[in-house]
Structure formats: C-alpha cells, structure tokens
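# This is a predicted model, with the sequence first.
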Amino acid sequence: MNKNARIYVAGHRGLVGSAIVRRLKTEGYTHLITRTHSELDLTDPKAVTHFFSIEKPEFVFLAAAKVGGILANQTYPAEFIHQNLMIQTNVIHSSYVHGVKKLLFLGSSCIYPKMAPQPIKEEYLMTGPFEPTNSAYAVAKIAGIEMCWAYNRQYGTHFIPVMPTNLYGPNDNFDLETAHVVPALIRKFHEAKEANYDSVIIWGTGNPKREFLHVDDMADASYFLMKHTIITNDKKVLFNIGTGIDISIKELAETIRDTVGYTGKISYDESKPDGTTRKLLDVERLKTMGWRHKTSLKNGIQATYKWYTTPPNNTYVQTIKG
Ligand SMILES: NC(=O)C1=CN([C@@H]2O[C@H](COP(=O)(O)OP(=O)(O)OC[C@H]3O[C@@H](n4cnc5c(N)ncnc54)[C@H](OP(=O)(O)O)[C@@H]3O)[C@@H](O)[C@H]2O)C=CC1
Ligand SMILES: C[C@H]1O[C@H](OP(=O)(O)OP(=O)(O)OC[C@H]2O[C@@H](n3cnc4c(=O)[nH]c(N)nc43)[C@H](O)[C@@H]2O)[C@@H](O)[C@@H](O)C1=O
C-alpha cells in the first residue's frame, strides 16, 4: 500500500475502525476515506454502490457492523443478522465491482462451535453447534467469510477474512445493556467508586473464560495482514487474531476493580447468561507469519481506564454511546 493509496475504513468512529485510522495516520497514509453512519448507511445497496463509484477506494478495512455484547446479541438477533448481512454483502460486492485491490473483513471468534477444542484452530469452523446467545451474529459473520472466499475463487479478488477475539480499548461502547464485558465493568466499577456503592454486580457466574486483545494490537494485526497477506484464490484461508491467553470473568472483574481502585464488594447476577464457557483462539498462524500482540491485559485496562476518565471521553461515552 503506497502512502497516497485510497483507503476506505468502514466504521471509522467505532472501537476497531478508529484504531485502524489512528494506525494508518501514524504510518503516514494521506488518503483515508471515511463516512459516518448518518452520511452513508451501509445497509443501503444503492447508497453503497454510489459511494464506491465516487470514491473508488483501492483498499478497504470493513470494520462497520452491528456489534454488541452477550445480552444485546441474545435480545436483538434479528437486527444482528439482518444488518450485518446487509452491510457486509453491500461492501464486499461493491469492492469487487469497483476493483478494490484488497479488503479485510472482520468476523468474530463467536463463529466457532460452543464446544470446540481449546485453543480454537481456524479449521474448527462449522464442526459443531453454535453458542445460542449469538448464533444469528455468528451465521452472519460466517456468510461474510464464505462470501470473501467465493469472490476470491470466482473473481480473483483478494478479500481477507479475519477472526478477532474479544476486543477493548478507547472509543468502545460503554452502554451497560449493549456493551461487551470490559467496557461494562470499567464503567460499573468507576461509577460505584464515584458514588460509593456497596457492591458491583457482575453478570453470570464469573466462571467463563475469555481472551482479550487491546484494539491497538488489533489495528496493528489488521495493518500487518493488509500489507503482507497474499491470497491464493483456491484456498479458504482464515486468520485468528488474539493473544493466546485467557482469564476468567471473575479474575477480569478483580483486575478492573483494582485498576479503578474500588474497595466495595463484587456480587453475581446468575439470571444473566454466561454464554460460551471458553473461546481461546489458537494464534499460531499469525505467530508463524511474525505477528504477536504487544499490550498485556493489565496495561491495556489501565490505559483504557485512563482514556475513559479523561474528559470529554467520559461524558461522550455516557451521552452518545451509553
Ligand atoms: N468489539 C469486539 O469485541 C469485537 C468486534 N469484532 C468485529 O470488529 C468489527 C468492529 O467492531 P467494533 O469496532 O467493536 O464495533 P463498534 O460498534 O465500536 O463500531 C462499529 C461501527 O460501524 C458503524 N455502523 C454500524 N452500522 C452501520 C451502518 N448500517 N452503516 C454505516 N456504519 C454503520 C457504527 O456507527 P454508529 O455507531 O454511528 O452506528 C460504528 O462506527 C465488527 O465487524 C465486529 O463484528 C470482532 C470480534 C470482537
Ligand atoms: C466478541 C464476542 O462478544 C460476545 O460474546 P461474549 O464474549 O460472551 O460477550 P460479553 O463480552 O458480553 O460477555 C463475556 C462474559 O462476561 C460476562 N459479564 C459479566 N458482567 C458483564 C457485564 O456487565 N456486561 C457484559 N456484556 N458481560 C458481562 C458475561 O456474562 C459473559 O460470560 C458475542 O455476543 C459477540 O459479540 C462476540 O463475538
């Protein structure tokens, strides 16, 4: 990718999209193309076709999606499957029609079977039933992966499907109903400390384990793969992106509690879903290619909490996103 390449970052204001924009700007790329959701609704095929014909991007990072945590996925499955199928179908197809050189499609680790052997290898895809809380979202993401592979095979495109593990960092969604666990607990412990609440309620049993990658590492991996991956059109290639290290939700809560400096109690609401017991990714494929994460969970949470408590972020996330 030369420094004045026309690069479209779909979802540029989100957790991942904003990290990718930060990284590309640091690397000196001068022609980044972005549109907010209100400027361009990616579920609208006509609007997407028109956008591509005007902007003619050469590279696309597809980080726009309908995204949410376990409760949002369990509550709004129709929105998750409908909007994600529309967004990815429109952007992937327009990328082919308008001759995009390379596209990076962001799937998710939730595509893998609930009971997959751990750590989860890319080849375990579609070898068992889904985790029910996010099966609609998982099916949409798998359709996006298959679409990348089908276009690569039939049209000779270079569309790269990647499977990130759970992500966190600045510009995340901190709404307590729809967020993922890290931003939700950062906000809960922060507000409990500020208001001197007796306890903080954690969803589920605290026993499930999760792997967490800081979003700057995700952006680094996305940039690495966009630069270095050669897609051979006959092969169905997939890339897990993670740390290869997982932690129980209980330990995560204690880490965030200590980072925030909250001294009250932790209690568990077992009426909320645990979701899958574990989803640790096998990250050997990227390691063999020379990529590893840099940010430890402890340092990443400290940096995210610092960001969260630096005005105007806290007010921003409260009003716009939460
Ligand atoms: N966060 C995580 O833990 C993980 C995320 N991923 C994947 O990474 C990608 C990015 O996720 P993340 O950054 O967390 O999500 P965010 O919700 O933070 O960002 C998604 C972005 O997409 C935009 N968007 C949503 N719908 C539309 C639409 N119809 N038209 C135009 N823009 C739209 C949003 O804009 P607006 O807010 O204005 O609607 C937002 O800017 C997704 O594909 C997700 O599946 C994969 C694994 C884990
Ligand atoms: C990335 C991945 O993210 C989603 O899967 P998930 O990892 O299960 O999502 P989560 O981060 O919301 O929960 C992780 C664990 O944490 C526990 N938990 C405790 N207390 C809170 C809490 O306050 N909020 C939330 N959200 N979870 C909590 C929660 O009960 C669960 O056991 C997929 O839907 C899909 O979006 C996807 O691909």
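Now that the structure is in, tell me what you want to look at. Everything quoted here is computed from the prediction, not taken from an experiment. Ligands and ions are numbered 1, 2, ... in the order given.
# use CA for all of it now, contacts and neighbours both
Fine.
# in the stretch 201-322 of the chain, which spans are helices?
Taking DSSP state H, counting those that start in this stretch as the criterion, the stretch 201-322 of the chain contains helices spanning 215-228, 249-260, 284-289, 297-308, 313-316.
# can you list those in JSON lines and add mean pLDDT, mean neighbour count and distance to ligand 2?
JSON lines is the format used below for these (pLDDT from 0 to 100; neighbours: other CA atoms under 10 Å; distance: least, CA to the nearest ligand atom, whole Å):
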{"stretch": "helix 215-228", "mean pLDDT": "97", "mean neighbour count": "19", "distance to ligand 2": "12"}
{"stretch": "helix 249-260", "mean pLDDT": "98", "mean neighbour count": "19", "distance to ligand 2": "6"}
{"stretch": "helix 284-289", "mean pLDDT": "96", "mean neighbour count": "14", "distance to ligand 2": "19"}
{"stretch": "helix 297-308", "mean pLDDT": "98", "mean neighbour count": "18", "distance to ligand 2": "14"}
{"stretch": "helix 313-316", "mean pLDDT": "65", "mean neighbour count": "15", "distance to ligand 2": "17"}
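# what about these, which gets the closest to ligand 1?
Evaluated with CA to the nearest ligand atom, those place helix 215-228 nearest to ligand 1, the distance being 8.4 Å.
# and that closest one, what other elements does it pack with?
If you count contacts as 3 or more CA pairs under 8 Å, 6 or more residues apart in numbering; DSSP states H and E, helix 215-228 packs onto helix 15-26, strand 102-106, strand 166-168.
# switch to 7 Å and redo it
helix 15-26 (3 or more CA pairs under 7 Å, 6 or more residues apart in numbering; DSSP states H and E).
# would Leu176 count as being in a helix?
No. The assignment for Leu176 (DSSP: H, G, I helix; E, B strand; the rest coil) gives coil, which keeps it out of a helix.
# hang on, the earlier thing: as JSON lines, the helices of the stretch 201-322 of the chain with distance to Asp198 would be great.
Listed next are the helices of the stretch 201-322 of the chain as JSON lines, based on distance: least, CA to CA, whole Å:
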{"stretch": "helix 215-228", "distance to Asp198": "32"}
{"stretch": "helix 249-260", "distance to Asp198": "13"}
{"stretch": "helix 284-289", "distance to Asp198": "43"}
{"stretch": "helix 297-308", "distance to Asp198": "21"}
{"stretch": "helix 313-316", "distance to Asp198": "22"}
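# between those, which one is nearest to Val237?
helix 284-289 (10.4 Å; CA to CA).
# I'd like to know which elements the closest one is packed against.
Using 3+ CA pairs under 7 Å, 6+ apart, helix 284-289 sits against no helix or strand.
# Work out the gap between that helix and the centre of the chain.
From the chain centre to the centre of helix 284-289 is a distance of 20 Å (CA atoms, centre = their mean, to the nearest Å).
# how about that helix as PDB, C-alpha atoms only?
Provided in PDB are the C-alpha atoms of helix 284-289 (Å, rounded to 0.1, in the frame of the first residue of the first chain):
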ATOM      1  CA  GLU A 284      -0.100 -19.900  15.800                       C
ATOM      2  CA  ARG A 285      -0.900 -19.000  12.200                       C
ATOM      3  CA  LEU A 286      -0.200 -15.300  12.800                       C
ATOM      4  CA  LYS A 287       2.700 -16.100  15.000                       C
ATOM      5  CA  THR A 288       4.300 -18.100  12.200                       C
ATOM      6  CA  MET A 289       3.800 -15.100   9.900                       C
END
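# ok, and what's touching that helix?
Phe239 (CA atoms under 7 Å, 6 or more residues apart in numbering).
# Check stretch 133-149 too.
Stretch 133-149 has contacts (CA under 7 Å, 6+ apart) with 70, 73-74, 77, 80-81, 84-85, 88, 107-108, 110-111, 159-161, 236, 275.
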